[in-house]
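In: just need the structure, nothing else, for what follows:
(one chain, ligands or ions: 2)
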Amino acid sequence: MSKIMEKSLNFSGTCSGARVNANGLVHVPGYLDPDAQRVLLHDIESALAAAPLFQPRMPKTGKAFSVRMSNCGGLGWVSDRDGGYRYQATHPDTGQPWPPIPEIALRAWKELAAYPFAPEACLINFYNAAAHMGLHQDRDEADLAAPVLSLSLGASCIFRVGGTQRGGKTVALELCSGDAVLLAGPARLAYHGVARIIPGTSTLLPDDGRINLTLRRVTQPSCR
Ligand code: SIN
Ligand code: FE2
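Out: Ligands and ions are numbered 1, 2, ... in the order given. Next up, the predicted model:
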């Protein structure tokens, strides 16, 4: 896990090895080394035993997402036909509070987020080999000064990121197991999505599975 410690933030708020994409997105390839990836996966598997993956659905149409989801933290992101996109403190199927955010994910937030308050939500997206995620903005959070920090485990994917207008040009980057991505500053409201999973790129998860975690601050901190 030493790599996590080595890659500390420098004064400009970026990380050694980080690449800033044309749209302002920060990509840190290999942020988590293989040991850290295994520990984080183990923690996520424990969280999923308590808060099983659920099937999110599109507001209004009720169409099922191709990814399944769960959450860690005080708040979790959910979506269903009648209630739409929202954060809530309990699992939609079990009614139980979400499990705590894994230590490694909290440490990544401290090192990369350049934001003084703790994350409140950690969305767990599980992709099978056929899953994808359409272009969208992450805008259900009250404090858009806080970044969204993403950590990827398992199969690589083609991630697309554009500007802040729907329908604009996007660029593609490959996200691999262990990579971190920061949607912050000019890229905080960038449209982004996962075009497809790239099969045969990781053995961390069986059957070309991919897990993506996104850490988010949801509410406005009260003491500024
Ligand atoms: C998301 O935008 O919620 C997920 C992004 C990813 O899977 O990399
Ligand atoms: Fe997103």
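In: got the contact list for D207?
Out: N128, A129 (Cβ atoms under 8 Å, 6 or more residues apart in numbering). Yep, even glycine has a C-beta here, placed from its N, CA and C like the rest.
In: list the buried ones in the helix ranked longest in the chain?
Out: The residue-count maximum for a helix in the chain (DSSP state H) belongs to helix 34-50. Across helix 34-50, burial judged by 16 or more other Cβ atoms under 10 Å covers A36, Q37, L40, L41, D43, I44, A47, L48.
In: can you confirm whether it lies near ligand 1?
Out: No. Helix 34-50 does not reach ligand 1 (Cβ under 6 Å from any ligand atom); its nearest approach is 13.6 Å.
In: for that helix, name the packing helices and strands.
Out: For helix 34-50, the packing partners by 3 or more Cβ pairs under 8 Å, 6 or more residues apart in numbering; DSSP states H and E come out as strand 68-72, helix 103-112, strand 121-127, strand 148-154, strand 210-216.
In: and the gap between whatever residue of the chain ends up closest to ligand 1 and L149?
Out: Here the chain gets closest to ligand 1 at one residue, N212, 3.2 Å apart by Cβ to the nearest ligand atom. Distance, N212 to L149, using Cβ to Cβ, to the nearest Å: 11 Å.
In: of these two, who's got more company?
Out: A direct count of neighbours by other Cβ atoms under 10 Å for N212 and L149 places L149 higher, at 27 against 23.
In: tell me the residues of the chain that contact ligand 1?
Out: N125, M133, S150, S152, F159, L175, H192, V194, N212, T214.
In: right, I'll call it a day here.
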